[in-house]
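Structure of the sequence below:
(one chain, ligands or ions: 2)
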Amino acid sequence: MVISGSNPWKASHVGPLIAPSLLACDFARIGEQIEAAVAAGAEVLHVDIMDGHFVPNLSMGPGFVRSIRAFTDCPLDVHIMVSDPLYYAERFADAGADSVTFHIEATEKPGEIIDLLRGRGLGVGVSVKPATPAGAIEGIIQDVDLVLVMTVEPGYGGQKFMEDQLTKIERIRSMLGTEQRLQVDGGINPATTARCAAAGADVFVAGENIFGSNDITEAITALRNAATI
Ligand code: DX5
Ligand code: ZN
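Ligands and ions are numbered 1, 2, ... in the order given. A predicted model of the protein is given here:
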């Protein structure tokens with residue numbers, strides 16, 4: 001069991017964070033692409049976990065995170081799009097995640113998941129799908145380090161950014177403390193990054209825009225420039 005627990009959201013770093021989504025990697029070359037992303041200054045690596053039930057797609061499991069953990073010490077920001085977030089939060093903490101973000105839509109007992117992650121010293125995030133209102137997380141928002149506002153319907157990379165999420169980003173930013181992070185995820189590129197930053201986001205997940213480009217460093221730099229308002 002890997003005793004993970006370096007909460008990346010509490011790190012002293014201020015300012016925007018860039019979180020490349022490994023879902024968009026060429027899995028035959030993932031080590032090389034991770035090294036390039038970390039060398040280009042990515043502060044965390046975003047790992048999209050899909051169970052084929054909560055979202056209509058399957059991605060990777062705890063074994064993938066275990067391998068990546070052994071490969072890099074860059075913080076692993078694991079986004080679990082699964083129907084049993086309590087079970088998988090523990091599995092990914094065991095595998096070496098530094099933070100786990102669960103979906104509020106997938107649980108009646110968010111407090112149990114938060115307590116488990118806190119007990120392991122991990123970062124704690126909660127995510128809302130596009131159709132889920134900000135009010136759905138009102139009761140627990142003070143207990144998390146990060147809120148992830150999905151700017152696409154979760155399940156696939158390479159989708160188009162959903163403009164109608166900008167007002168939700170503003171609303172959730174107004175509910176968060178200055179030490180809490182607001183992450184956006186889905187269709188993120190320099191143009192949408194600038195709009196999300198202006199609305200209050202400060203952690204930017206990008207898959208296609210980074211790993212679909214022919215220059216990972218240039219892509220990450222462009223995102224950071226766009227995020228710096
Ligand atoms: C979608 C995932 C996103 C996605 C982002 O369910 O949560 O992280 O991989 O990919 P892009 O940046 O290509 O939209
Ligand atoms: Zn994600």
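
can you pull the pLDDT of the closest residue to Pro75 other than its chain neighbours?
Nearest residue to Pro75, sequence neighbours excluded (Cβ to Cβ, 6 or more residues apart in numbering): Pro8, at 3.7 Å. Bear in mind the C-beta positions are built from the backbone N, C-alpha and C, glycine included. Pro8 is assigned 92 on the pLDDT scale.

so Pro8 makes contact with Asp77?
Yes. The pair Pro8 / Asp77 is scored as a contact, 6.6 Å apart, by Cβ atoms under 8 Å.

Contacts only, for the residue of the chain found nearest ligand 2.
Nearest residue of the chain to ligand 2, counting by Cβ to the ion: His79, 3.8 Å away. By Cβ atoms under 8 Å, 6 or more residues apart in numbering, the contact list for His79 reads His46, Val47, Asp48, Ile49, Thr101, Gly125, Ser127, Leu148, Asp185, Val205.

Could you report the neighbour count for Lys109?
Lys109 is flanked by 10 other residues according to other Cβ atoms under 10 Å.

ok, it - contacts?
Counting by Cβ under 8 Å, 6+ apart, Lys109 makes contact with Leu86.

Next, the buried residues of stretch 181-195.
Across stretch 181-195, burial judged by 16 or more other Cβ atoms under 10 Å covers 181-190, 192-195.

ok, now stretch 65-74?
Residues of stretch 65-74 classed as buried by neighbour count (16+ other Cβ under 10 Å): Val65, Arg66, Ile68, Arg69, Cys74.

which among these are in contact with ligand 2?
Counting by Cβ under 5 Å from the ion, the subset of the buried residues of stretch 65-74 that neighbours ligand 2 is empty.

ok, the residue nearest to Pro75 - how many residues close by?
23.

now swap in Phe64 and tell me
When neighbours are defined as other Cβ under 10 Å, Phe64 has 18 of them.

Can you give me the end-to-end span of stretch 68-85?
Stretch 68-85 has an end-to-end distance of 21 Å (criterion: Cα to Cα, to the nearest Å).

do stretch 200-218 as well
Using Cα to Cα, one end of stretch 200-218 lies 24 Å from the other.

how distant is it from the center of its chain?
Here the centre of stretch 200-218 is set off from its chain's centre by 12 Å, with Cα atoms, centre = their mean, to the nearest Å.

can you give me the strands for this structure?
Assigned by DSSP state E, the chain shows strands spanning 17-20, 45-50, 76-81, 99-103, 123-128, 146-150, 181-185, 203-206.

if we compare the ones you listed, which one ends up closest to Glu90?
Evaluated over the strands of the chain, closeness to Glu90 peaks at strand 99-103, with 9.1 Å, by Cβ to Cβ.

quick check, the closest one touching ligand 2?
No. On the criterion Cβ under 5 Å from the ion, strand 99-103 is out of touch with ligand 2, staying 7.8 Å away.

Can you list the strands that that strand pairs with?
Here strand 99-103 has these sheet partners by DSSP bridges: strand 76-81 (parallel), strand 123-128 (parallel).

Out of those strands, flag the one nearest Ala219.
Using Cβ to Cβ, the strands paired with strand 99-103 put strand 76-81 closest to Ala219, at 18.0 Å.

Run the angle between the closest one and strand 181-185 for me.
Taking axes from the mean of the first three to the mean of the last three Cα atoms, to 10 degrees, strand 76-81 and strand 181-185 form an angle of 60 degrees between their directions.

What parts of the chain come near ligand 2?
Residues of the chain found near ligand 2 (Cβ under 5 Å from the ion) are Asp48, His79, Asp185.
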